[in-house]
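>>> Whatever this is, show me its structure:
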Amino acid sequence: TTTLNYTAPAGATTTVDLGAGTITAAGANPISFTGLTSVKLDANGGAVTVLGTAQNDNFTYTPEAADEGLIQLASASTQIDVSDLKSAALTLDPAGGSNTVTIDVPVSGQTITTNFGGTTSVGVAALLPVDLVSGDTETLVLGGGGGQNNYVFNGVGGPKNVQVQSAAALNVLSLPGAAGDDLYGLNYGAGDQSGTARYELFSGAGASPLISFAGVATVVVPGDGGAGTDLLDVSGDGGNDDFSLRGSGGASGALQVNDGFLVRFALGTNASLIQLFGGPLGIGGTDQFTIDQPDDWGIPAVNISTLGPPGSVTVNAHGDTADAFTFSTIDATQGTVTLASGAAQTTYSLNGVGQVNVAELGAASASLSITNANAIIKPSSTPGNGTVTTTDVNNATALIPLTYTNIPTVTSSGTSAVIDVPDDGDNVTVSAA
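Numbers count the residues shown, from 1 in each chain. This next block holds a predicted model:
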């Protein structure tokens, strides 16, 4: 074991060049080294820059204290142990090649904050952060330790790829929001808590790298918390996906696919949009979508699409006042459901859907309006329940069928027929166009 102990001049910037095997600092003679096990560098209150080689470098950085950290280049035997930076910066520039930097998180329950930009800064809790030259960093890997970490991302730009690697569960991924119109894209992976995330801040800043992750239980999407028009795109894993979307106050709510990570969102209040795709790029298996909408929900539009076998969509109302459903079909797999609840309404645009279900689960008295020219309404023996089948204007092609639950008032316009109406107190109205 051979160790070089180096103390920099007070306040000077020290550069360790691993390609050249040198240490330089203003006011000090340069030092060349080779075959060392470690360099213990006392920064003496100054900044430190570590340079990589012209090859494809693989670095690991382990923060050890508020002003101490350890840098290891996989292809070299020398560890660089820097300390006493005080408030000065530690910079790692991997230099030439296609380079990977891994941030080691040795213990659980940490907040790992990544600030993207031309220089990307990564900090673990209150330990010494490291600044990475983004243009020389192909991949940034954020370790997971024992899990239960909060990975916080800010800014845009940064390395080309970012990976959150944690074998343990219960981690949180926190994305940023900015004033203006923000875009978020989330894709579920084959693993229960894996996937990818990317965001774009339309305030003019640009886009984030692609963030792939495993071991994440919750993804937080804040939007800008104000009057912006945000877009949230969520894709399933390509199999038979079960989507669950539950609204809450304002333009917020929670979303989950199968047993995957939970998405908690609070989007801008100016006509933000949610788009749900049954698989990557809309290609997947037979999917189910269940939406629970409260009174006064601040999301005016939700687009639902699957290009696999026709899926099913269920919209549940949870209003305390009058809830009004409107149903219209375009063809056998396309249509719309609109739910007016409280002072707001949401329109669900459907593509690749073979069955629609609507239900009133709140205290409200609900109504359903069918706008297709040709509809057959068939109430069941249970009051407020029944089915609706529709055909095209030529009465030749069957369109999307609908089942309704706990909705005592059903209205249909056009050349409609009502069959098998039991004496159960339902109010069914037919208006010939």
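
>>> for this structure, where's the lowest mean pLDDT among helices and strands?
Here the helix or strand of the chain ranked lowest by mean pLDDT, DSSP states H and E is strand 417-418, holding a mean of 60.

>>> How many residues are close by Asn58?
Using other C-beta atoms under 10 Å, Asn58 has 19 neighbouring residues. No exception for glycine: its C-beta is placed from N, CA and C like everyone else's.

>>> Next up, the contacts around it.
Asn58 makes contact with Leu73, Ala74, Ser75, Asn99, Thr100, Thr102 under the criterion C-beta atoms under 8 Å, 6 or more residues apart in numbering.

>>> pLDDT, secondary structure and neighbour count added to those residues, as JSON lines?
Compiled in JSON lines, the contacts of Asn58 are given as follows (pLDDT from 0 to 100; DSSP: H, G, I helix; E, B strand; the rest coil; neighbours: other C-beta atoms under 10 Å):
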{"residue": "Leu73", "pLDDT": "96", "secondary structure": "strand", "neighbour count": "22"}
{"residue": "Ala74", "pLDDT": "94", "secondary structure": "coil", "neighbour count": "10"}
{"residue": "Ser75", "pLDDT": "89", "secondary structure": "coil", "neighbour count": "12"}
{"residue": "Asn99", "pLDDT": "97", "secondary structure": "coil", "neighbour count": "25"}
{"residue": "Thr100", "pLDDT": "98", "secondary structure": "strand", "neighbour count": "20"}
{"residue": "Thr102", "pLDDT": "98", "secondary structure": "strand", "neighbour count": "19"}
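
>>> out of these, which one sits closest to Asn154?
Checking the contacts of Asn58 against Asn154 by C-beta to C-beta gives Thr102 as the nearest, at 20.1 Å.

>>> What does the pLDDT read for the residue lying closest to that closest one once chain neighbours are set aside?
Once flanking residues are discounted, Thr102 sits nearest to Val141: 4.1 Å by C-beta to C-beta, 6 or more residues apart in numbering. pLDDT, Val141: 98.

>>> give me the number of residues near Val141?
When neighbours are defined as other C-beta under 10 Å, Val141 has 20 of them.

>>> so it touches Gln163, yeah?
Yes - the criterion here is C-beta atoms under 8 Å, and Val141 meets it with Gln163 at 4.8 Å.

>>> that older thread, from the contacts of Asn58, pick the one nearest Arg246.
Once C-beta to C-beta is applied, the member of the contacts of Asn58 that ends up nearest Arg246 is Thr102, at 36.8 Å.

>>> what residues are up against Gly145?
Gly145 touches Val105, Pro106, Val107, Ser108, Gln110, Ser166, Ala168, counting by C-beta under 8 Å, 6+ apart.

>>> so it is in which element?
Gly145 is part of no helix or strand when elements are defined by DSSP states H and E.

>>> would you list every one of the strands in the stretch 101-250 of the chain?
In order along the chain, the stretch 101-250 of the chain carries the following strands (DSSP state E, counting those that start in this stretch): 111-115, 119-124, 130-133, 139-142, 150-154, 161-164, 171-174, 182-188, 195-201, 206-207, 210-213, 216-221, 231-235, 242-247.

>>> Out of these, flag the one nearest His318.
Each of the strands of the stretch 101-250 of the chain was scored for nearness to His318 using C-beta to C-beta, and the closest is strand 242-247 (8.4 Å).

>>> can you pull the buried residues of that closest one?
Within strand 242-247, the residues that qualify as buried are Asp242, Phe243, Ser244, Leu245, Gly247, counting by 16 or more other C-beta atoms under 10 Å.

>>> now swap in stretch 127-138 and tell me
Leu127, Leu128, Pro129, Val130, Asp131, Leu132, Val133, Ser134, Asp136, Thr137, Glu138.

>>> Reformat these as CSV; add distance to Gly147.
Below are the buried residues of stretch 127-138 laid out as CSV (distance: C-beta to C-beta, whole Å):
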residue, distance to Gly147
Leu127, 18
Leu128, 22
Pro129, 21
Val130, 22
Asp131, 26
Leu132, 24
Val133, 30
Ser134, 27
Asp136, 30
Thr137, 25
Glu138, 26
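
>>> Thought Leu175 was touching Asn150, still the case?
No - look at Asn150 against Leu175 with C-beta under 8 Å: they stay out of range, at 11.8 Å.

>>> can you list residues touching both of those two?
In contact with both Asn150 and Leu175: no residue, using C-beta under 8 Å, 6+ apart.

>>> Please say which of those two ends up with more neighbours.
More crowded of Asn150 and Leu175, by other C-beta under 10 Å: Leu175, with 23 against 16.

>>> how close does that one sit to Gly155?
11 Å (C-beta to C-beta, to the nearest Å).

>>> what about stretch 20-32, average pLDDT?
Stretch 20-32 shows a mean pLDDT of 95 in the predicted model.

>>> Any stretches of the stretch 151-300 of the chain with poor pLDDT?
Within the stretch 151-300 of the chain, the stretches with pLDDT under 70 are 203-204, 224-227, 280-283.

>>> circling back: if we only consider the contacts of Gly145, which is nearest to Phe277?
Closest to Phe277 out of the contacts of Gly145 is Ser166 (26.1 Å), distances taken as C-beta to C-beta.

>>> Could you double-check that the closest one lies in contact with Asn149?
Yes - in this structure, Ser166 is within contact of Asn149 by C-beta under 8 Å, at 6.8 Å.

>>> Which one of these two is surrounded by more residues?
Neighbours of Ser166 and Asn149, each counted by other C-beta under 10 Å, are more numerous for Asn149; the result is 28 against 23.

>>> Now for Phe33, how many residues are close by?
Other residues lying near Phe33 total 16 when counted by other C-beta under 10 Å.

>>> And the closest residue to it other than its chain neighbours, its phi and psi?
Closest residue to Phe33 apart from its sequence neighbours, by C-beta to C-beta, 6+ apart: Gly21 at 5.4 Å. For Gly21, the backbone dihedrals (degrees, to the nearest 10) come out as phi 70, psi 50.

>>> How about the contacts made by Gly21?
Gly21 sits next to Ser32, Phe33, Thr34 when contact means C-beta under 8 Å, 6+ apart.

>>> Residues touching the helix or strand containing Arg264, excluding its own?
Applying DSSP H and E as the criterion places Arg264 in strand 262-266. For strand 262-266, contacts defined as C-beta under 8 Å, 6+ apart pick out 184, 186, 217-223, 225, 232, 234, 250-256.

>>> now with 7 Å?
Applying C-beta atoms under 7 Å, 6 or more residues apart in numbering, the external contacts of strand 262-266 come out as 186, 217-223, 225, 232, 234, 250-256.

>>> Can you say which of those are buried?
With burial judged by 16+ other C-beta under 10 Å, the buried subset of those is 186, 217-223, 225, 232, 234, 250-253, 255-256.
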